[in-house]
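> Sequence plus predicted model, see below.
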Amino acid sequence: MNKKSRLITILAVLAVCFAFLWPTISWYARTPKEDQALALSSLESIKDYSSFKAASDVKAMVAAVKADPETLVAADQEWLKAQVKKNYKLENKKYSEPLKLNDALNSFSSKTELVNFVEGVYRKKILKNKDFYKNSVKLGLDLSGGMNVIVKADLDAVIANQGDTPFVEETLKTEAMAQAVETLSNRIDRFGLSSPTIRQQGEDRIYIELPGSAEADQINSIIQGRGILNFRLVDNEATQAFTTYYYNHLDSTFDSKGRLIDSSVIPEDCVVMGYYTTDAYGLDQREGYLVVKKEIALDGKHIKSAEVGAEDLTGKPQVNFVLDSEGAEIFGTFTGNHVGESLCIISDDKVKSNARIQTAITGGRVAITGFGIQEAQNLRKVLQTAWLDVPLSVESQQVIGASLGDQAIKQGLLAIAVGLIAIMIFMLVWYQGAGVNACVAQVLNLYIMFSILSALNLTVTLPMIAGMILTIGMAVDANVIIFERIKEERRLGKDRASSMNTGFNNAFWAIMDSNITTFIAAIFMSQLGTGSVQGFAYSLAIGVVSTLFTTLFVSRLMFDFQTEVVGKKNISIGWGIK
C-alpha cells in the first residue's frame, strides 16, 4: 500500500472511530445530569413526564397571550417557530416576523394538537438522549455501583400446576422461562429502574443487573411479586364523561406521576386505567383511558391455557382460552348478567383488551375476536401471565455502593494515565525522536479502543481496564521491536529510508506472530469465560487489533512523512544512532 492510500485509510478509520465515539461523548460530556436521569427512566415515566410538561407549557402560553396579546414567541422557542412555519405553509398563509405567540397558537387546529406537538418535542429530546446512552460505552457495576441479582425460577412448580393438562415438558419450560424474563422486564420498567440488564442464565436462572442506586427490599418485592391479571367491567358512560373532562383539563387531570388529581370526576366504585396496545417493538403504547369497576369479575388464576386460533367462517385471528370449572361457572353467570356491556382484561394495572359481551359465555371456553395476528399474539402473552405463572426466588444478590464505583473509576483512570505517561517518558528518553512516533501511536491506540467499545455497546469494567493497561504494554513492545530492528540496520551503515523499510519488514512477522497468538487466547477466553474473564478478553482482543493498526500503519506513515516530505537524512532513534 502506497503512502497516499495509507494516509487516506488512517483518516477514514479515525473519522469512523469518531462517529462510533460520538454517542459516548454526547452522553457523558454534553448531556446534563438532570437530562440523564430522565433518559434513564422507564418509557412509561417518560410518557407521563412529557405529557405533564406539555400540558403545563401550553397552559403557560395561553395565560401569557391572555395577559398580553402582543407577546412574542421567545428566542428559546425556535422549535415552535419551525412548526408554525409548516402550519402556515399548509394553509397557504403568509408568515410574518416577529412572530406573535397568539398567531403561533392559532396556527394549530386545536388545543389537543398543540399539546401533542409540545409533548412530541419533549419526548424526542429525551429519547434522543436515551439513544445516546444505548450506543455509548457503559460503566459496569464495579465502576458505577448498583446491584446484580440471580433469580431462580421454580420450573417444577410450573409443571406440577398443569395437573392433567397435556403438555411437552421441554416446550413448557422454554415458554415458562421466556414468560418469566418478559414479566420481570415489564415489572422493572414499570417501577422506573434505570437501564436494567435481564437475561436467562442456564436452564432455570435469570441474571439481573441494575446500575445505579437501588434498594434491595424494593427489588425483591418487584421480583417476587405475582403478576396480577383479572377481568373487570368498563363503565362506558363514566369513560365518555371522563374523556370529555380530560381533554378540557389536560394540564390538571393527572400529576407528574400519572395519578388522578380530582377523584370526584369518576364514580366511587371505579378507577381510571390506561388502555394500552403493544407496538411493533413490543412496548406498551397508551391509546387512551378507560373507567373500570373496582370489583373484579374474574381472577386470572382461573385461566388454564391460552392460544391463538382462527374464526371458523372468516379465518380471522382469535384468542382462545380455557377456564377451570370454578372459573367457567363464575364467568358464565357474570356474562349472562351483563350482556351488552364491555369487559376488559387488566394486567399489572393496564387495560390490555376491551370487548363487548355479546352473549352468556358458558362451558369454560372463551374466544376473543376483533384484532390482527400481532395483537392476538400479544393478548396471548398477557393471558399467559395468569396460567403460566412462574414462582421466582432471589438466589443471590450483590450490592456495590456508588462511592466504591467512583473510587474504582479514579483508580482505573489513574492506572491508565500513570502507565501511559511512564511508557511515554521511557520511549522519549531511550528512543528520542522516534519515541514521539510511539507516543502518538499509544494515544491513537486508546482512542480507537474506546471507539470500538462504544460501537459494540460494551460495558467497561475493572477487568476491561486491566486489558487496556496490558494493551499499552503490548503496543509499546511492538514499537520496541521495530525500533531495535531499525537501529541494527543503521549500525550496518544503511541510509534512513533503507533502514526503516528493512526494520519494518523484518519486524512484521515477529509482531504478527505475538499478536495473533494473543488474539487467539482472547477469543477462547471470551467464548469459554464469563463475567470479568469475558470482559478482559474483549478488551484484549480489541487492543490487539488497534495495536497492529497504530504500529504498522500510523507509526510507519509518520516515519515516511519525515523521510520523504520533510527530507530528513538522519534518524533520532537512540543514543549514538544517527
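Sure, I can see it. Residues are numbered from 1 along each chain as shown.
> Could you point out the helix or strand that follows the longest helix seen in the chain?
Taking residue count as the measure and DSSP state H as the definition, the longest helix of the chain comes out as helix 496-528. Counting by DSSP states H and E, the next helix or strand C-terminal to helix 496-528 is helix 532-549.
> so how far is that next one off the chain centroid?
For helix 532-549, the distance between its averaged C-alpha position and the chain's averaged C-alpha position is 24 Å (C-alpha atoms, centre = their mean, to the nearest Å).
> What helices and strands are in contact with the helix or strand just after it?
Next helix or strand after helix 532-549 toward the C-terminus (DSSP H and E): helix 555-560. Packed against helix 555-560, as judged by 3 or more C-beta pairs under 8 Å, 6 or more residues apart in numbering; DSSP states H and E, are the following elements: helix 3-29, helix 433-455, helix 496-528. Placement of C-beta: from N, CA and C, glycine included.
> Recalculate using a threshold of 7 Å.
Contacts defined by 3 or more C-beta pairs under 7 Å, 6 or more residues apart in numbering; DSSP states H and E place helix 555-560 against helix 3-29, helix 433-455.
> contacts for the host helix or strand of Thr333?
Element membership for Thr333 (DSSP H and E) is helix 325-337. Counting by C-beta atoms under 7 Å, 6 or more residues apart in numbering, helix 325-337 makes contact with Ala297, Leu298, His302, Leu323, Ile357, Ala360, Ile361, Thr362, Gly363, Gly364, all of which sit outside it.
> Would you mark the buried spots in it?
Applying a neighbour-count criterion of 16 or more other C-beta atoms under 10 Å, the buried positions in helix 325-337 are Gly327, Ala328, Ile330, Phe331, Gly332, Phe334, Thr335.
> same thing with stretch 11-25?
If you call a residue buried by 16+ other C-beta under 10 Å, then stretch 11-25 has these buried ones: Val13, Cys17, Phe20, Leu21, Trp22, Pro23, Thr24, Ile25.
> Pull the number of nearby residues for the closest residue to Gly543 other than its chain neighbours.
The shortest distance from Gly543 to any non-neighbouring residue, by C-beta to C-beta, 6 or more residues apart in numbering, is to Thr471 (2.9 Å). Counted by other C-beta atoms under 10 Å, the residues lying close to Thr471 total 25.
> Test my guess that Thr471 contacts Val545.
No: using C-beta atoms under 7 Å as the test, Thr471 is too far from Val545 to be in contact (9.9 Å).
> Give me the mean pLDDT for stretch 183-199.
Average pLDDT, stretch 183-199: 65.
> From Asp35, how far out is the residue most central in space within the chain?
With distances taken as C-alpha atoms, centre = their mean, the chain has Lys134 as the residue nearest its mean C-alpha position (4.5 Å). As for Lys134, its distance to Asp35 is 15 Å (criterion: C-beta to C-beta, to the nearest Å).
> gap between the closest residue to Thr518 other than its chain neighbours and Thr314?
By the measure of C-beta to C-beta, 6+ apart, the closest residue to Thr518 outside its immediate chain neighbours is Val544, 5.5 Å from it. With the distance defined as C-beta to C-beta, Val544 ends up 60 Å from Thr314.
> next one: Phe167
According to C-beta to C-beta, Phe167 stands 30 Å off from Thr314.
> neighbour-wise, which of those two wins?
With other C-beta under 10 Å as the criterion, Phe167 and Thr314 differ in neighbour count, and Phe167 comes out ahead with 13 against 9.
> Count the residues that sit near the closest residue to the more buried one other than its chain neighbours.
Taking C-beta to C-beta, 6+ apart as the measure, Phe167 lies nearest to Ile159, with 7.9 Å between them; neighbours along the chain are not counted. Residues lying near Ile159 (other C-beta under 10 Å) number 14.
> Please identify which helix or strand holds Ile159.
Remark: Ile159 resides in helix 155-161, with elements defined by DSSP H and E.
> Which strands or helices does whatever helix or strand comes next after that helix pack on?
Counting by DSSP H and E, the next helix or strand C-terminal to helix 155-161 is helix 169-190. The contact analysis (3+ C-beta pairs under 7 Å, 6+ apart) places helix 169-190 against helix 43-67, strand 146-153, helix 155-161, strand 197-201, strand 205-211, helix 216-224, helix 373-387.
> Swap in 6 Å and give it another go.
Contact here means 3 or more C-beta pairs under 6 Å, 6 or more residues apart in numbering; DSSP states H and E; on that basis helix 169-190 packs against helix 155-161, strand 197-201.
> Please save the CA atoms from the first one in PDB.
Extracted in PDB, the C-alpha atoms of helix 155-161 (Å, rounded to 0.1, in the frame of the first residue of the first chain):
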ATOM      1  CA  LEU A 155     -40.000 -24.900  36.900                       C
ATOM      2  CA  ASP A 156     -41.000 -27.900  38.900                       C
ATOM      3  CA  ALA A 157     -43.900 -25.900  40.300                       C
ATOM      4  CA  VAL A 158     -44.900 -24.800  36.800                       C
ATOM      5  CA  ILE A 159     -45.100 -28.400  35.700                       C
ATOM      6  CA  ALA A 160     -47.000 -29.500  38.800                       C
ATOM      7  CA  ASN A 161     -49.600 -26.700  38.300                       C
END
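> Can you name every helix or strand that it contacts?
Helices and strands touching helix 155-161, as assessed by 3+ C-beta pairs under 6 Å, 6+ apart, comprise helix 169-190.
> and the angle from the helix it packs on to strand 197-201?
Our comparison of helix 169-190 with strand 197-201, counting by axes from the mean of the first three to the mean of the last three C-alpha atoms, to 10 degrees, yields an angle of 160 degrees.
> Centre of the chain to helix 169-190, how far?
Relative to its parent chain, helix 169-190 has a centroid offset of 19 Å by C-alpha atoms, centre = their mean.
> again with stretch 546-564
When distances are taken as C-alpha atoms, centre = their mean, stretch 546-564 is centred 38 Å away from the chain's centroid.
> Any buried residues in it, and which?
Counting neighbours by 16+ other C-beta under 10 Å, one finds that the buried residues in stretch 546-564 are 546-560, 562-563.
> One more: stretch 35-49?
35-36, 38-49.
> Same question for stretch 354-363.
Within stretch 354-363, the residues that qualify as buried by neighbour count (16+ other C-beta under 10 Å) are Asn354, Ile357, Ile361.
> Stretch 339-358 too?
Those buried within stretch 339-358 under the rule 16+ other C-beta under 10 Å are 342-348, 350-354, 357.
> low pLDDT regions in the stretch 151-300 of the chain?
Scanning the stretch 151-300 of the chain with the threshold set as pLDDT under 70 gives 163-165, 186-196, 211-228, 278-284.
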